[in-house]
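Peer 1: Just to be clear, the model below is a prediction. Sequence and coordinates:
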Amino acid sequence: MTTLEKSAAASTEPATTAVAATGVTSEVGTEHHDALDDDLEAHSVVSSDSEIDEKEGPGQLNQFQKRGQQQTGGNAAAKDVGIEGEENNKSNELPELSGWVEKTAPSMCWCSAHERFVRISEKQLRWFENDKEDSRVLGHLDMDLIDVEISRHYGPFAAPHRTRSCCLGRKSGGLGELLLGRDTRSAFSICPVGSKRVFEISLPTETEAEAWVSCIELHESRSVKMPNGGETVRKDNWWRSSRISPERFEQVTATGDVLLFRSKGSMPKLIRLASGSKGRYDHVGLIVKLSGGEVGILEATGGEGVGLVTWKEFVDNNWQDLYPELALRRVFFHRSKERCKKLQEWVNETLGKPYDLTVSKLMARTSAPTPVGEENYFCSQLCAKGLKVLGVLPEDGMASTQYWPSTFSARMAPIKCNEGCRFDQADLVIDFSLGDPKRYVKKEGGGKQRDATTNWG
């Protein structure tokens, strides 16, 4: 059974329409922040003594003023900044499809088939271990990065295995197929152009298979190819990692998302080891979308404490070159004007607070109130606290000091969230080789000094 989901933000309750002939259900999706191509509804920014406009449409948020503390980027001048929220997103016109399928894992000698939960949305095809919201992503095809062709193995125009031009010379089966034979009446192959890898999908009926093929072809037809995106298929196990260009990062990220950093050096390595065997990241920042759509990173760093640096300043100084990997973990929740107002007030109070990472902090199991004026933070504690202010993480749950940078990675255990909130099932690695080479080129002489992400060592 498959589920065809047409996303729209008009209702909080999905409207469903059964299609009896195929067993396919059409749903209206309601989740905010899900569409890669959606433009965020910008909230106007008004002076701090103005009232919030309660009229229909985007709400208006008060400004917060940065304290006269030095920014992470080294800019000591205070300026007014407003956090953008989103009351309503434009609906995504592309249909979404999800359901259980039989997916073939190709090999040289054997063809193994596994039941997988597969979802296509936002021009991306993902497959998972199960249909739970926190299920691990096992594979990923991004049609904005790669060209895909479909080979049907059913119907009057069926193509035999490995004979169509798009799949010529590629492996979609092995010895198991030759010995046991396979019923291909409801199977089709997804053939990424430039790769020898083929992904074969089988469904109970041809009608269901054709629903999947039609949906994939529609998403492919709407794709906007990234520069150098074809290079993706030349990387090892390329389908196992989700990559986005830096331009796409700026487009899709929103207030409340987290930015994960993997740093060089022995101390960052120690932080990764301390967070467990799957620890991949050693620093984290909270994304705040500023007025005008500019992306800001709220972070706590070793020398300067809590500060706000814009993404523009970050890349203008080539700070991305300091990190072997940067990744976005998207967070899905309703970004109401009330939530964003609370975050603005908290950020206003928190900017300039000192950095502090101690053993006693790490030993704390529950959140305890800190005397006013004595607050201090390390990076992941700051991020966790910000998400509690936004109502994503439960206030009475795990202490903010118990969150490590890698805790926010999809590679780790699922994060307990409040109802209606969840983290994306994958870390989106920001691949600068996919970006505009004129913008993301290393500049002669470097730029400003980047503050150390920790004061240990």
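Peer 2: Received the coordinates, thanks.

Peer 1: For the stretch 351-457 of the chain, which segments are assigned as helices?
Peer 2: 359-363, 379-389 (DSSP state H, counting those that start in this stretch).

Peer 1: Contacts only, for Gly230.
Peer 2: 145-147, 193-194 (CB atoms under 8 Å, 6 or more residues apart in numbering). The C-beta positions use only the backbone N, C-alpha and C, and glycine is treated the same way.

Peer 1: Show me which helix or strand of this protein is least confident by mean pLDDT.
Peer 2: strand 44-46 (a mean of 27; mean pLDDT, DSSP states H and E).

Peer 1: Kindly confirm my reading that Ser98 is in a helix.
Peer 2: No. Ser98 sits outside any helix when classified using DSSP: H, G, I helix; E, B strand; the rest coil, being strand.

Peer 1: what mean pLDDT would you report for the lengthiest helix in the chain?
Peer 2: What stands out as the longest helix in the chain, according to DSSP state H, is helix 206-221. Helix 206-221 carries an average pLDDT of 94.

Peer 1: Please apply the same query to stretch 337-344.
Peer 2: Stretch 337-344 shows a mean pLDDT of 95.

Peer 1: Can you give me the buried ones in stretch 420-437?
Peer 2: Of the residues in stretch 420-437, 421-435 count as buried by neighbour count, 16 or more other CB atoms under 10 Å.

Peer 1: typo on my end, stretch 234-254
Peer 2: 238-239, 241-254.

Peer 1: Among the residues you listed, which one sits closest to Arg262?
Peer 2: Ser241 (13.0 Å; CB to CB).

Peer 1: How about the contacts made by the nearest residue to the closest one once chain neighbours are set aside?
Peer 2: With CB to CB, 6 or more residues apart in numbering as the criterion, Ser241 has its nearest non-adjacent residue at 5.9 Å, and that residue is Val429. Val429 sits next to 241-244, 325-327 when contact means CB under 8 Å, 6+ apart.

Peer 1: mean pLDDT lowest for which of the helices of the stretch 351-457 of the chain?
Peer 2: Looking at these, the bottom one is helix 359-363 with a mean of 63.

Peer 1: Just the mean pLDDT for stretch 128-144, thanks.
Peer 2: For stretch 128-144, mean pLDDT is 88.

Peer 1: Roughly how far does Gly285 sit from Phe408?
Peer 2: Distance, Gly285 to Phe408, by CB to CB, to the nearest Å: 10 Å.

Peer 1: Ignore what I typed, I meant Arg450.
Peer 2: From Arg450 over to Phe408 (counting by CB to CB), the distance is 21 Å.

Peer 1: Among these two, which residue is more densely surrounded?
Peer 2: Between Arg450 and Phe408, counting by other CB atoms under 10 Å, Phe408 is the more crowded of the two (25 against 19).

Peer 1: re the thing from before, closest to Leu125 out of the contacts of Gly230?
Peer 2: In terms of CB to CB, no member of the contacts of Gly230 lies closer to Leu125 than Ile146, at 10.4 Å.

Peer 1: So that closest one sits against Arg197, correct?
Peer 2: No. Contact between Ile146 and Arg197 fails when scored by CB atoms under 8 Å: they sit 10.5 Å apart.

Peer 1: and Val101, which of the three is it?
Peer 2: Under three-state DSSP, the three-state class of Val101 is strand.

Peer 1: Does it touch Trp212 like I think?
Peer 2: Yes. Look at Val101 against Trp212 with CB under 8 Å: they come within range, at 7.4 Å.

Peer 1: show me what contacts the closest residue to Ala274 other than its chain neighbours?
Peer 2: Leaving aside its chain neighbours, Ala274 sits nearest to Trp404 (7.0 Å; criterion: CB to CB, 6+ apart). Residues in contact with Trp404, defined by CB under 8 Å, 6+ apart, are 271, 274-275, 279, 380.

Peer 1: What of Lys123?
Peer 2: By CB under 8 Å, 6+ apart, Lys123 lies in contact with 36, 94, 142-144, 219-220, 222-223.

Peer 1: Pretty sure Arg335 sits against Asp257.
Peer 2: No. Under the criterion of CB under 8 Å, Arg335 is not in contact with Asp257, lying 10.4 Å apart.

Peer 1: would you list every one of the strands in the stretch 351-457 of the chain?
Peer 2: Using DSSP state E, counting those that start in this stretch, the strands found in the stretch 351-457 of the chain span residues 422-423, 428-430.

Peer 1: okay, those in JSON lines with mean pLDDT and distance to Lys123 next?
Peer 2: Converted to JSON lines, the strands of the stretch 351-457 of the chain look like this (pLDDT from 0 to 100; distance: least, CB to CB, whole Å):
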{"stretch": "strand 422-423", "mean pLDDT": "95", "distance to Lys123": "21"}
{"stretch": "strand 428-430", "mean pLDDT": "94", "distance to Lys123": "14"}
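
Peer 1: Kindly reformat those as a markdown table containing distance to Tyr355.
Peer 2: Output for those, formatted as a markdown table (distance: least, CB to CB, whole Å):
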| stretch | distance to Tyr355 |
| --- | --- |
| strand 422-423 | 25 |
| strand 428-430 | 25 |
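
Peer 1: The ones you listed: which one's closest to Ser151?
Peer 2: strand 428-430 (28.8 Å).

Peer 1: Quick check: bridge partners of Leu326?
Peer 2: Under DSSP bridges, the beta-bridge partners of Leu326 are Phe261.

Peer 1: which residues sit in contact with it?
Peer 2: 259-262, 320, 429-430.

Peer 1: neighbour-wise, which of the residues you listed leads?
Peer 2: Neighbour-wise, the contacts of Leu326 (other CB under 10 Å) top out at Leu260, 28 neighbours.

Peer 1: Do you have the helices of the stretch 151-300 of the chain handy? List them.
Peer 2: Counting by DSSP H, counting those that start in this stretch, the helices of the stretch 151-300 of the chain are 175-180, 206-221, 246-252, 266-274.

Peer 1: Make a markdown table out of the ones you listed and add distance to Val315.
Peer 2: A markdown table is the format used below for these (distance: least, CB to CB, whole Å):
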| stretch | distance to Val315 |
| --- | --- |
| helix 175-180 | 48 |
| helix 206-221 | 29 |
| helix 246-252 | 7 |
| helix 266-274 | 21 |
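
Peer 1: and Arg119, which of those helices is closest to it?
Peer 2: Here helix 206-221 is closest among those (CB to CB), at 10.5 Å.

Peer 1: so what does that closest one touch, helix or strand wise?
Peer 2: strand 2-7, strand 95-105, strand 112-121, strand 124-128, strand 148-152, strand 187-192, strand 199-202 (3 or more CB pairs under 8 Å, 6 or more residues apart in numbering; DSSP states H and E).
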